[in-house]
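> make a model of this:
(chains A and B)
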Amino acid sequence: MSEIVLRRPARPVRVLRQGLTLAWRGLLKIRHSPDQLLDLSLMPVTFVVLFTFLFGNAVAGDWHSYLQFVLPGVAVQTLVFASMNTAVAFNADLRSGIFDRFRSLPVARSAPLIGRVLGDAVRNAISLAVVMAVGFALGFRAHGSPAAVLAACGLMLLFSLSVCWLGALIGLLGRSPESMGGIAFVVVVPLTFGSNVFVPTGKLPGWLQTWVKVNPVTQLSDAARALMQGLPVGHGVQNSLLWTLAIVVVFAPPAVFVYKRRV
Amino acid sequence: MSSASGGLAIEATGLVKRYGKTMALDGVDLAARPGAILALLGPNGAGKTTVVRILATLLRPDGGTARVGGFDVAKDPDKVRDLIGLTGQYTAVDEDLTGYENLVLIARLLDHSRAGARSHASELLDRFELTETARRPVKTYSGGMRRRLDLAAGLIGRPRVLFLDEPTTGLDPRSRGVVWRLIRGLAEEGTSVLLTTQYLDEADRLADDAVVIDHGRVVASGAPAELKATVGGQTLEVRPSLPDDLVAATIEAILAEECGTVPRRGGADGLVSAPLAGGMSGTAAVAAVARRLDAAAIPVSELGVRLASLDEAFLALTGPVSERVQ
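Residues are numbered from 1 along each chain as shown, chains lettered A, B, ... in the order given. Sure, this is the predicted structure:
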């Protein structure tokens, strides 16, 4: 009995360390197969270039001024899309033999889940860096302070971390990695396209505005734009953080619950 | 606590596992002595992997109890996990990582320090003759190298009880020999090993004790040599002069009665054979079968006994394939 009592206080530390070890495993994979890095940057590059030139002239008159408006939102969109990779990768992971090994070891049940989400957060940071780099190369200019730009990036990464939990839950519930695509599509498309990422809220039909205004992607894009351009942020930051927290509170516990039941 | 199981490394009583209406395990009992190698023998689908998964805390039984190192697998899974190592039927290493990284990963998960994990990994790679390929991704490994790495990964943390699910399936004879040697070495150091296999030959060469299961039930247990003895070790063969289905069926019926085991047909030339049940005299069996064949007016071109192959002994214990499929 005494052994159990002694180990309890150290438990959160052990769980976190095991989670970090498993996140390291994810990062090693990037190092060993550079094509994964290509995967991570292909979508961001495509998104920035495509949306800037596709909608630029139509929405804002010229693509250069549209880029200033659209880039922060495209960054958010990229991260939401990337978070769905968590679903596919986690689902595939659960089926692999190595998970049996983890489960037969005295490793915390939640460690693989934490490792997956943390590892994906790093991957998302890489994707975000690519979006910003392509944006700057095309002529995006931030008028906010460097600290404010970093804060905007931090806010977006925090949000993507919360969406990873939703991805993990989908990955746990899905029957096969192939079936993930459809589910992810239904979640991601209304979130990202049903927002003011591409078109300012005021130019949208009234019924759509109702959704767009509450959409976390809108809130986050507004906050990111304001921070990057040095404009007054209003409630944007606060709302984004609330959404981030809400998504974690709603999706992380069921993900852990479903995961533990499977184990 | 370990006194409760009489000092056994593994003790399972009446294990039951259902998948829907299918009974994967229907009351399996087994016991493994500490430091000994126990072979769990059975054909595909017999329930071997299910037993291993229950004992390794990956699956909860629907009935019965199991203790590993004295700890109940259902009530004290964490204590059991502290004691065991598992090498599954499917390679449980990360294909994208190098062999070295795989071992460091597992060691770090088991709370080894960074330096400790590195030295433990190098030591195991050395022992399993993988040092040369340690820095290459596992996806470039051959089947035998993968299996050795998998075994090495199962040994991190120096488990007292090791589960090996079909450790040599799919390996060429040379790699099989290497794996056998490693397993023997582990047992000599005091590790208790439970290995599953489809080959009686493997159990015979490696194990101190064997349990044969089929259809989720234990059909025989004992030392591998005893198992061979229970099926006599001799086979009676009859080759009819004019083979056809009716003749073959009649011969089968005769052999089933006279040999006390399930006969089988040997292919196009009509050969029918049956292992002799334990303790039966070969001469008496040949005489009895000859009398019955004569009475039934079946001419034969060949009639005799020979030593049974291990596969035949195994088949006699687990029943013919056709029965198993249904």
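
> where along the chain do the strands fall?
Just going to use chain A. Using DSSP state E, chain A contains no strands.

> oops, wrong one, chain B.
So, for chain B - with DSSP E - the strands run B:10-19, B:22-32, B:37-41, B:63-68, B:71-72, B:84-87, B:161-165, B:192-197, B:209-214, B:217-222, B:234-240, B:264-265, B:272-275, B:300-307.

> okay, now the sheet partners of the last one, with direction.
Looking at strand B:300-307 with DSSP bridges, its partner strands are strand B:234-240 (antiparallel).

> related to what we said a few turns ago, in CSV: the strands of chain B, plus mean neighbour count.
Backbone N, C-alpha and C define where each C-beta goes, glycine included. Converted to CSV, those look like this (neighbours: other C-beta atoms under 10 Å in any protein chain shown):
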stretch, mean neighbour count
strand B:10-19, 19
strand B:22-32, 19
strand B:37-41, 26
strand B:63-68, 20
strand B:71-72, 20
strand B:84-87, 28
strand B:161-165, 25
strand B:192-197, 26
strand B:209-214, 24
strand B:217-222, 17
strand B:234-240, 22
strand B:264-265, 18
strand B:272-275, 26
strand B:300-307, 14
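
> need those in JSON lines (columns: mean pLDDT).
Listed next are those as JSON lines, based on pLDDT from 0 to 100:
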{"stretch": "strand B:10-19", "mean pLDDT": "93"}
{"stretch": "strand B:22-32", "mean pLDDT": "92"}
{"stretch": "strand B:37-41", "mean pLDDT": "94"}
{"stretch": "strand B:63-68", "mean pLDDT": "94"}
{"stretch": "strand B:71-72", "mean pLDDT": "95"}
{"stretch": "strand B:84-87", "mean pLDDT": "91"}
{"stretch": "strand B:161-165", "mean pLDDT": "94"}
{"stretch": "strand B:192-197", "mean pLDDT": "94"}
{"stretch": "strand B:209-214", "mean pLDDT": "91"}
{"stretch": "strand B:217-222", "mean pLDDT": "88"}
{"stretch": "strand B:234-240", "mean pLDDT": "87"}
{"stretch": "strand B:264-265", "mean pLDDT": "84"}
{"stretch": "strand B:272-275", "mean pLDDT": "86"}
{"stretch": "strand B:300-307", "mean pLDDT": "85"}
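
> and those as TSV, adding distance to A:S195?
As requested, those are exported to TSV (distance: least, C-beta to C-beta, whole Å):
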stretch	distance to A:S195
strand B:10-19	45
strand B:22-32	49
strand B:37-41	57
strand B:63-68	54
strand B:71-72	53
strand B:84-87	47
strand B:161-165	50
strand B:192-197	54
strand B:209-214	59
strand B:217-222	60
strand B:234-240	76
strand B:264-265	70
strand B:272-275	74
strand B:300-307	79
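
> residues contacting whichever residue of the stretch 51-200 of chain A sits closest to chain B?
Of all residues in the stretch 51-200 of chain A, A:G97 sits closest to chain B, at 3.7 Å by C-beta to the nearest C-beta. Taking C-beta atoms under 8 Å, 6 or more residues apart in numbering or on different chains, we find A:G97 in contact with B:G88, B:Y90, B:T91, B:A92, B:V93.

> distance of the third one from A:S179?
Same thing as B:T91. 25 Å (C-beta to C-beta, to the nearest Å).
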